[in-house]
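Enquirer: Just the structure for this:
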Amino acid sequence: MLDPVTLEILVTKVAATAEEMGIALQRSGRTIYVKETQDFGTGLVNHAGKLFCFPTTVGVCNMADNDASDVIAAVPELEPGDVIITNDPYRSGGLATHLPDLHLLQPYFHDGKVVCYGWCFIHSADVGGRVPSSISPSNHEIFQEGLMIPPLKLVKAGKFNPDVVAFIEANCRTAEENLGDLKAMVAALAVGERRVAGMIAQHGIEAFAAGTTEIIEYAAKKARDAFRTIPDGTYRFTDYLDDDLVSPLPVRIHATMTARDGQLDIDFTGTDPQIAAAFNLPSAGKRHTWLTLRLLQYALTRDPSIPINAGILNSVTLHIPSGSLLNPVFPAAVGVRHATGNRMVDVMNGLLAQAVPDFVRAAGCGLIIPVVLAEPADEHGKRKVDVVEPMTGGTGGRQGMDGVDGRDSSTSGMANNPVETVEASAGLTILRYGIRPDSGGAGKWRGGVGLELTFTPHHSGSQVLGRGMERFRFVPWGLLGGRCGMAARTIKNMGRPDEQELGKIDMIELQAGESITVMTPGGGGYGDPFERDPDLVLQDVQRGFVTLAAARRDYGVVIVDGRLDRDATASLRADREPRKDVLFDLGTERRVWESVFDDALMARINGILFQKPASARQALRRRIFAPVLAVIERDRPFDRAALEAAGQAVRVNLAELEAVEAGREVAA
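Expert: Sure, this is the predicted structure:
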């Protein structure tokens, strides 16, 4: 066992190594999504496949619960200089979660034996498939999403495997850029290899080898203490994706968390089955970084001194039904799994809000939309595919603090792309990129506002893809009297006579001179808006975050000629009854939906669905909900009376199916 001083030294050194690997990757990366957005990760992995260090300031945030054990087992015969590549969510055991994420793993040797592994990933601009950038929410199987690379050697004994490189180049639209990013990844792994060798030379192999596990155990102990701040008890929460794109039916995520002395057990029974769209999240049934991310953030907020590694989640256990949205079976499409991952943050936040409401925030914007521009092919048949912006919105308000405006880093921590860089790289002009007034939920502590992006392509026939568009129906919820954030919108040719409200988009084609506008939600508010300091509301109006009308309507604050009218404000606020002391403001559409489709009814529906093979569930789900489909396709917002009548018809359908299943059990 390491002495405490040596352990702390190694904690710092391995974290610095992961950080330096990330800096090397960013500086040598080829694509905007690597060098500007920072959609990549780096770290060191032990023999069990667990990350024992992760960066704090570069790359995507806090994805430390990744598990590389399946990849290590798949390529057992390794020698110095080898580098494994994979992007296959199913064959990698959930290490990769969609095909554009290219993962590399390099064994680091000492005296002929592997001592640990360097790991990195980047999000590739394109890996082939049905659409440019490879990701489309309407894909219904992973074969449509691009080239699947099982764990194999990209580099052998220090040299790129030309056969593997040729396969990759032949199956993507951005071959040159992809190869540039792969070389940057290999360079980052070389940085890690040098730093590991230096630590071994200074501290000895025994100390370093012990550190690869003891650093994880150290984090686990400190994190367990952080989780003890969650009162013992059982908590339940549900949130939704608006729909699965192929139908207007909401997609339900349900979780039950049991806390006992810092041990957290989370059961996702009640979550909908996997769907015939690309929102499935491939966890392989394991404790998974997309499912535990909010808990990792909770522990680090309670104790920022905890080393960032997989040990933080050692006191967390998960039960994830096979064939569900959060544990799909092959060949389910998974390209837009980040939409589900974002909603998972809201689900976990909803659980924690019941346990420690004074500590957690209201719901954030709940989305990341990588807005992609695919230009027409040039005379050589090549196409430019660029992520214009990874659009996000505001975070939720919390006790004593407003939400962050225009930057919800709940799941990624990715940076926005500078306008100048985007316009230099892609054939477009950005007309507006700024905040969206009134989009943050009103509260004593305001939700952060969302963003608005408008651009026009230079070339006719350019295609715009929106991935992970959410919160168009079920808005970010407010907490302890705070109001919901504003719903998302997309608009073609905004402000022109031919303006068109698009709603969610998969892929649309624009001509030169046409424009598209993407508006993201703000976060939910925290606390009664009429308790907000009027001077803060005035400041919000002056900064353009809140309009004059919203200041009066939502906050009871009267502003005349740019000045606060305190007497009128006091009078207006006195005439209004205080907000009821309710924990969540879930929004009108969700309240109407759940008044019909409550937990008991959804448990019956999913009970029937999970008795069937995964391949049969989608058709059966549509059959059960058939009376509802007509209502929600026609009505927006939900018509309560029509939805209640349709819900009764669903109960009739369900009772018939349950009777059939009961008869089969008796016959058996």
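Enquirer: How about the backbone phi and psi for the closest residue in space to residue 231 that isn't next to it in sequence?
Expert: Closest residue to residue 231 apart from its sequence neighbours, by CB to CB, 6 or more residues apart in numbering: residue 355 at 5.5 Å. Where you see a C-beta, it was placed from the backbone N, CA and C, and this is true even at glycine. Phi and psi for residue 355, reported as degrees, to the nearest 10, are phi -90, psi -40.
Enquirer: Now for residue 355, how many residues are close by?
Expert: 17 (other CB atoms under 10 Å).
Enquirer: residues contacting it?
Expert: By CB atoms under 8 Å, 6 or more residues apart in numbering, the residues touching residue 355 are 230-231, 233, 235, 259.
Enquirer: Now render the residues you listed as JSON lines, adding secondary structure.
Expert: Below are these laid out as JSON lines (DSSP: H, G, I helix; E, B strand; the rest coil):
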{"residue": "230", "secondary structure": "coil"}
{"residue": "231", "secondary structure": "coil"}
{"residue": "233", "secondary structure": "strand"}
{"residue": "235", "secondary structure": "strand"}
{"residue": "259", "secondary structure": "strand"}
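Enquirer: out of the residues you listed, which is most surrounded?
Expert: Neighbour counts for these (other CB under 10 Å) peak at residue 230, which has 23 neighbours.
Enquirer: contacts for the helix or strand hosting residue 18?
Expert: Here residue 18, judged by DSSP states H and E, is contained in helix 4-28. The contact list for helix 4-28 (CB under 8 Å, 6+ apart) reads 2, 34-35, 38, 40-44, 52-59, 118, 120, 122, 183-185, 187-189, 191-192, 195-196, 199, 203, 207-208, 211, 214-215, 218, 307-308.
Enquirer: if you set the cut-off to 7 Å instead, what comes out?
Expert: The contact list for helix 4-28, computed with CB atoms under 7 Å, 6 or more residues apart in numbering, reads 34-35, 38, 40, 42-44, 52-59, 118, 120, 184-185, 187-188, 191-192, 195-196, 199, 203, 207, 211, 214-215, 218, 307.
Enquirer: Just the buried residues of that helix, please?
Expert: 6-7, 9-11, 13-15, 17-26, 28 (16 or more other CB atoms under 10 Å).
Enquirer: Distance from the next helix or strand after it to the middle of the chain?
Expert: Next along the chain after helix 4-28, taking DSSP H and E as the criterion, comes helix 32-35. A distance of 18 Å separates the centroid of the chain from that of helix 32-35, by CA atoms, centre = their mean, to the nearest Å.
Enquirer: now stretch 381-396
Expert: Centre-to-centre, stretch 381-396 and its host chain are 14 Å apart (CA atoms, centre = their mean).
Enquirer: what about that stretch, how long is it end to end?
Expert: Taking CA to CA, to the nearest Å, stretch 381-396 runs 45 Å from one end to the other.
Enquirer: Flag every buried residue along that stretch.
Expert: For stretch 381-396, a neighbour-count test (16+ other CB under 10 Å) marks 384-396 as buried.
Enquirer: which residues does residue 508 form a beta bridge with?
Expert: Using DSSP bridges, the bridge partners assigned to residue 508 are residue 464.
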